[in-house]
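**Student:** the following comprises the amino acid sequence and a computationally predicted model.
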Amino acid sequence: MEHFSLIGNSPIFRQLLNTAQLVAATRATVLISGESGCGKENLARFLHTHSPLASRPFIAVNCANLPENLVESELFGHRRGAFSNAVVDRDGLVRAAHNGTLFLDEIGELPMTAQAKLLRFLENGEILPLGYDQPIKANVRVIAATNCDLEKMVKIGRFRADLFYRLQVVPMEVPPLRERAGDIALLITHFIELAAQQHGLPTISFDMAALGVLRTYSWPGNVRELKNLCERLTILCGHQHGPLGVGNLPLNMHGEQRTAAIASPATAPLNLEQTERDMILQALEQTRGNRSRAAKLLGISRYTLLYRMKKYFAEEKSLTLGIE
């Protein structure tokens, strides 16, 4: 599993880590909230690895990915013959986490029937797998996470109020990246080194103008978006001499700089179309013409890539690649 870390020196993030160190020493149930991509699972793993349960299992479950008709079976298990296609006994994820930690991500997506069973488990440590007559004990610490407003979901009847309050023994909120801009340089260094090591490429760096853009960008995808950007630019620009500039960043990040360049005669305007064209060429070269993979590297949809290829290379038959 990829090494995880919580990196940051901003006051809001240091406060979170201080709280996490106190909570980790206990077995308290924790409800982590925060926007998508801000590092909720990393925090859950921190709580586990700094707890007395560190040597025990850590089972991460994305509730949104559980098949709706099999949620109870996946979580709590079943006995062979309990329903059609139940050809073998299944312990379930709760028992897989016995004596360890169960991390329930996107808890707001859990169906109401499964919410009732989870509440019972949190209250008395018992589960009743499908097909069983007697409940089974399971010793598990539960950490849940959500990017939804669970209080609002309670009000409209989509989430049980009793389960919400039972999960929220210790509420913790991971701040979005835009609220901890002072941590961006540290995170960039970490993710660049990680990407260079992973792909066997030189580390990249940014000039001051590019760093300024990265610090002021709103980061709707949070830390995950920053990590993906560092990996993408390491792959596409790892052999470039000198630090990367504003022109190497995605267009949506440096729109303000483009406006400023147009408004100021003293500033040399960026050739944004040429930069974008070059990045597309680099991505196609890195992926040997695979357009789907190239689009993923560039952080755009395949449709957008095809549109821009048609725009920039309509006259160049050499880029009429048949690879999908």
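**Tutor:** Arrived safely, thanks for sending.

**Student:** return the distance of residue 59 relative to residue 41.
**Tutor:** Going from residue 59 to residue 41 by C-beta to C-beta, to the nearest Å gives 12 Å. Any C-beta I mention is one placed from the backbone N, CA and C, and that applies to glycine too.

**Student:** what touches both of these two?
**Tutor:** residue 103 (C-beta atoms under 8 Å, 6 or more residues apart in numbering).

**Student:** which residues are contacting stretch 187-207?
**Tutor:** With C-beta under 8 Å, 6+ apart as the test, stretch 187-207 has contacts from 5, 7-8, 177, 211, 214, 223, 226-227, 230-231, 233-235, 237-240, 243-246.

**Student:** starting at the chain centroid, how far to it?
**Tutor:** 19 Å (C-alpha atoms, centre = their mean, to the nearest Å).

**Student:** what's the average pLDDT for it?
**Tutor:** Across stretch 187-207, the average pLDDT comes to 94.

**Student:** same check, this time on stretch 73-89
**Tutor:** What stretch 73-89 shows for mean pLDDT is 76.

**Student:** tell me how far it lies from the chain's centre.
**Tutor:** A distance of 31 Å separates the centroid of the chain from that of stretch 73-89, by C-alpha atoms, centre = their mean.

**Student:** that stretch: end-to-end distance?
**Tutor:** Taking C-alpha to C-alpha, to the nearest Å, the first and last residues of stretch 73-89 lie 10 Å apart.

**Student:** and for it, what are the contacting residues?
**Tutor:** For stretch 73-89, contacts defined as C-beta under 8 Å, 6+ apart pick out 61, 66-67, 72, 90-95, 114, 117-118, 121, 127-132.

**Student:** how near is residue 311 to residue 280?
**Tutor:** Distance, residue 311 to residue 280, using C-beta to C-beta: 10 Å.

**Student:** more neighbours: which of those two?
**Tutor:** Using other C-beta atoms under 10 Å as the criterion, residue 311 and residue 280 rank with residue 280 on top: 24 against 12.

**Student:** where along this structure do the helices fall?
**Tutor:** Taking DSSP state H, the helices of the chain run over residues 11-24, 40-49, 71-76, 93-96, 112-124, 150-155, 161-167, 184-199, 208-216, 222-237, 255-263, 272-286, 291-298, 302-313.

**Student:** where does the most centrally placed residue in the chain land on pLDDT?
**Tutor:** Centroid-nearest residue in the chain: residue 37, 3.8 Å away (criterion: C-alpha atoms, centre = their mean). On the pLDDT scale, residue 37 is placed at 94.

**Student:** kindly report the same for residue 236.
**Tutor:** Looking at residue 236, its pLDDT is 93.

**Student:** unless I'm mixing things up, it is touching residue 285, no?
**Tutor:** No: Residue 236 is not in contact with residue 285 according to C-beta atoms under 8 Å; the separation is 9.1 Å.

**Student:** quick one: which of these two has more around it?
**Tutor:** Comparing residue 236 with residue 285 by other C-beta under 10 Å, the one with more neighbours is residue 236, at 24 against 11.

**Student:** which intervals of the chain have sub-threshold pLDDT?
**Tutor:** Within the chain, the ranges that satisfy pLDDT under 70 run 1-5, 81-82, 86-87, 255-276, 278, 282, 286, 297-299, 314-324.

**Student:** tell me the domain ranges of it?
**Tutor:** Following automatic domain parsing, the chain resolves into domains at 11-175, 181-319.

**Student:** ok, now which ones touch residue 100?
**Tutor:** Contacts for residue 100 were tallied using C-beta under 8 Å, 6+ apart; they are 48, 53, 56, 57, 58, 59, 140, 141.

**Student:** ok, 6 Å please
**Tutor:** Contacts were defined as C-beta atoms under 6 Å, 6 or more residues apart in numbering; by that measure residue 100 touches 53, 56, 57, 58.

**Student:** narrow the residues you listed to those in strands?
**Tutor:** residue 58 (DSSP state E).

**Student:** circling back: columns distance to residue 85 on top of the helices of the chain, output as TSV?
**Tutor:** What follows is these, written out as TSV (distance: least, C-beta to C-beta, whole Å):
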stretch	distance to residue 85
helix 11-24	40
helix 40-49	31
helix 71-76	10
helix 93-96	18
helix 112-124	19
helix 150-155	31
helix 161-167	29
helix 184-199	39
helix 208-216	50
helix 222-237	35
helix 255-263	52
helix 272-286	43
helix 291-298	34
helix 302-313	35
